[in-house]
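> Sequence below, structure please.
(6 chains)
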Number of protein chains: 4
Amino acid sequence: MNARSTSRSKPQSMRMRMKEEARAAILDAAEQVLAEQGLQATRMDDIAARVGVSVGTLYNYFEDRQQLLEALRDMRGRELLALLDTELERSLQTPYRARLHGFLRCILEHSRTHFRLLSVLLEDSLRHGDSREGDLDRHLAMWREVSLRLEHLGQQGVKEGALRPEDASHYPAMLLDMMQGLVLRQLLAKQPAPADELLAPLLRCFLEGAAPR
Amino acid sequence: MNARSTSRSKPQSMRMRMKEEARAAILDAAEQVLAEQGLQATRMDDIAARVGVSVGTLYNYFEDRQQLLEALRDMRGRELLALLDTELERSLQTPYRARLHGFLRCILEHSRTHFRLLSVLLEDSLRHGDSREGDLDRHLAMWREVSLRLEHLGQQGVKEGALRPEDASHYPAMLLDMMQGLVLRQLLAKQPAPADELLAPLLRCFLEGAAPR
Amino acid sequence: MNARSTSRSKPQSMRMRMKEEARAAILDAAEQVLAEQGLQATRMDDIAARVGVSVGTLYNYFEDRQQLLEALRDMRGRELLALLDTELERSLQTPYRARLHGFLRCILEHSRTHFRLLSVLLEDSLRHGDSREGDLDRHLAMWREVSLRLEHLGQQGVKEGALRPEDASHYPAMLLDMMQGLVLRQLLAKQPAPADELLAPLLRCFLEGAAPR
Amino acid sequence: MNARSTSRSKPQSMRMRMKEEARAAILDAAEQVLAEQGLQATRMDDIAARVGVSVGTLYNYFEDRQQLLEALRDMRGRELLALLDTELERSLQTPYRARLHGFLRCILEHSRTHFRLLSVLLEDSLRHGDSREGDLDRHLAMWREVSLRLEHLGQQGVKEGALRPEDASHYPAMLLDMMQGLVLRQLLAKQPAPADELLAPLLRCFLEGAAPR
DNA sequence: CATGAATGAGCCTTCATTCAT
DNA sequence: AATGAATGAAGGCTCATTCAT
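Alright, predicted model coming up:
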């Protein structure tokens, strides 16, 4: 009865592929609207209109508004981690400072692309810090992954003699803090500058400090 | 600190004093609720209930919800600046490093006290980055004031030979970024640590860098 | 501050009285709409329009749609019990048959007045028989109260020698069943007949049976 | 009635037979879901899922939700009448009391089997008493058929001298009322009892009355 | 005929704001 | 000034129905 099986290679994976693409399209639209209107102003209708479908369709792909946003967060998180891992692999034979530079540039660029989204989701996580624990957890887990990679990198730096080991545990946090500020200021300034230009003083201060030698 | 008290004649200043106190009470309540529930979950009814008055009364003191929140932001901003100025004055005769330390501790403590508020208001500013320009402006203006004081401090640092002058323009931003991360992580960690313990590695890294000398 | 106490006799009870009247008005309107449109077709907007207020107002008096309907059920239930108790008291010195007749007439009349409501609420109870247990419970509890009174009445009948005691436990149920059918057929027939005319054969059959003696 | 079936050639009647079986399967599924979830909670998707087909398929067999439910009601109605007629034929040579007992047992058992359905459909009929006249009519027509058969039976009873003729016109209604109550209480009690055990006191009271002789 | 994704009108509910007392 | 009931626009979500494949 259901044996309409023509000579198709992957009937199921076709379905699933299409479903995945539709989900991705919705998430892209959601990010756009989110970036433009902010979290609470983003109505399901707006997202639907942006994709060019009707509201009901959104609910064929996501349980509710909340789940849609979580899916968006998760997807972008996974994308960033993939980027970073690619970069780390690419630069395997490179000295610490250059690797760190590449790593941070990845973050900077990804964050710039998705900045409004990130701030909006951070905001959301903070607001519901108490309830919806699992939600915040997944968000923090992602950043912990990034931190982890920075720690590994830091160990290379220590081995190379490029880093003092005493404060090593603080480096990832401080780097990420400064990165976040960088991105934030970029956004507010509305004058995007080349990534390397922004990273140079950051790295210089991080490695050599503000005090004269 | 709240020294709005000019030497005015009784009748008016009495009125105004009471009005100001009522406003302050409302703002305190608003901050509490905001901290507990987040921006969008904070209803006017909740604030009113917290103060112990009825909704209508709030509208005798503030145009609308938006203005109330702005007033709250402005008040806390002014308070922080007052704190910083007091601290700067207190430490006038002190060397750069100690002054910076005191300055940052002020920020850290004030931010810890009002953390939820700050994150909630930041969120709000970002969301309406496009509309409500004047609002974001006032918020940024406040932080520019803080930055300004850090710059002054930096100049002292350069004069004392405690800072390299080349990257001086980046110092305030980097310091504030790291401070913000510090506060953020404090909140998420839910294990408040003594301010000085947190500031020590930050200052060490800032001044001496991560690279061995 | 709240000491506006003018020479009013019952400031609070005034408030409460008005609140109760408003609730009652809403419930009356709800019953009308319910009777006209049925349970699922009854929208909150319709009820509000019927009372002449806006939707929001309904929510100042009832948690949600469900609670409003429950309140309606409870109120009508209490009214019926009050009617019955009044009737029972009035007829204390009367013989069994007459008392039963009066009792049943009360039910018949109350049920005719609120028939659509009753059927609609019964329906609702049946539907959610599994979930919302407490809800159905309250409804059944009310009818159990009616049954209880019928049992008491039956005891009088037995004592008077007007009833065979063997099947006494079945009498309340059978009487109520026949009453319910009576009311139902009245509704469907759309030709309301005088209560006594309907009750006479019912009582005759109940007491004397269908078989010739 | 449905005798559109002329003596046609196989292929078409094959088609129709299959079509009828598919319809029956859908109606069975619908009844299950209806019984479990209630009228308004029963979604077309649920029915489809229960049959193991997709929603669209339902619409190949029934105009819309409403027609599907009506078809279900009609089918169960026809089934009950068939049962009753079989029973009446079987007991042709039996005295009145036994025939009545058999007749009522048929109703009781059929009603128990389909109870949730019946209550749900009754509810539906009552709700739309005003619109959809024809719908309620078909439902009532069915019960009128049952009543008719009870009347015939009653005539036998009168002839046999087992029934007083004066109230004969009320007997069918009263019997059906008590039956309905019986079934309803069975459902709510959730402790199914043997049919005869339930019917005995009912018949006793109906025939001999509650008053001692 | 079967499929199931898409549709979109419709409903419940929330909450900032108003205004008569 | 204080009160708090009333307002009603707005948004999230449901689900019967359609239709292209």
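
> In contact with A:M174, which residues?
A:F206, B:M178, B:G181, B:L202, B:C205 (C-beta atoms under 8 Å, 6 or more residues apart in numbering or on different chains). C-beta coordinates here come from the backbone N, C-alpha and C atoms, glycine included.

> right, and the pair among those residues with maximum separation?
Farthest apart among the contacts of A:M174 by C-beta to C-beta are A:F206 and B:G181. That separation is 13.3 Å.

> Show the subsequent helix or strand relative to the lowest-mean-pLDDT helix or strand in chain A.
Lowest mean confidence among the helices and strands of chain A (mean pLDDT, DSSP states H and E): helix A:115-127, at a mean of 71. On the C-terminal side of helix A:115-127, the closest following helix or strand by DSSP states H and E is helix A:133-160.

> Identify each buried residue in the next helix or strand after that next one, please.
Downstream of helix A:133-160, the first helix or strand assigned by DSSP H and E is helix A:171-189. For helix A:171-189, burial by neighbour count (16 or more other C-beta atoms under 10 Å in any protein chain shown) applies to A:171-184, A:186-187.

> ok, back up a step: need the overlap of contacts for A:F206 and B:G181.
Here A:F206 and B:G181 have A:M174, A:M178 as joint contacts, going by C-beta under 8 Å, 6+ apart.

> What mean pLDDT does the host helix or strand of A:L198 get?
Assessed by DSSP H and E, A:L198 sits inside helix A:195-208. Per-residue pLDDT values over helix A:195-208 give a mean of 90.

> Map the structural domains onto the sequence of chain A.
With automatic domain parsing serving as the domain definition, the record reports that chain A contains domains spanning A:10-62, A:65-208.

> Could you give the number of residues near A:C205?
Residues within reach of A:C205, counting by other C-beta atoms under 10 Å in any protein chain shown, total 23.

> same question but for A:L80, I mixed them up
Under the neighbour criterion other C-beta under 10 Å, A:L80 is assigned a count of 22.

> Just the local confidence number for it, please.
Turning to A:L80, the model gives it a pLDDT of 95.

> And for A:K10?
Per-residue pLDDT puts A:K10 at 51.

> How about A:G181?
Reported pLDDT at A:G181 in the predicted model: 83.

> nearest spatial neighbour of it, skipping sequence neighbours?
Spatial nearest neighbour of A:G181, excluding adjacent residues (C-beta to C-beta, 6 or more residues apart in numbering or on different chains): B:D177 at 2.8 Å.

> Does the one you found touch A:D177 like I think?
Yes - under the criterion of C-beta atoms under 8 Å, B:D177 is in contact with A:D177, at a separation of 5.1 Å.

> and the helix or strand hosting A:D28, what other elements does it pack with?
Using DSSP H and E, A:D28 sits within helix A:11-37. In this structure, helix A:11-37 packs against helix A:44-51, helix A:55-61, helix A:65-90, helix A:115-127, with contacts taken as 3 or more C-beta pairs under 8 Å, 6 or more residues apart in numbering or on different chains; DSSP states H and E.

> any idea which of these is most buried?
Each of these was assessed for mean neighbour count using mean count of other C-beta atoms under 10 Å in any protein chain shown. The highest is helix A:115-127, with a mean of 22.

> Just want the residue of chain A that's nearest chain C.
Here the residue of chain A nearest chain C is A:D64; by C-beta to the nearest C-beta that distance is 18.7 Å.

> Dump the domains of chain A to JSON lines, plus distance to DNA strand E.
Rendered in JSON lines, the data for those read as follows (distance: least, C-beta to the nearest atom of the strand, whole Å):
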{"stretch": "domain A:10-62", "distance to DNA strand E": "2"}
{"stretch": "domain A:65-208", "distance to DNA strand E": "13"}
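
> Many thanks, I have nothing further to ask.
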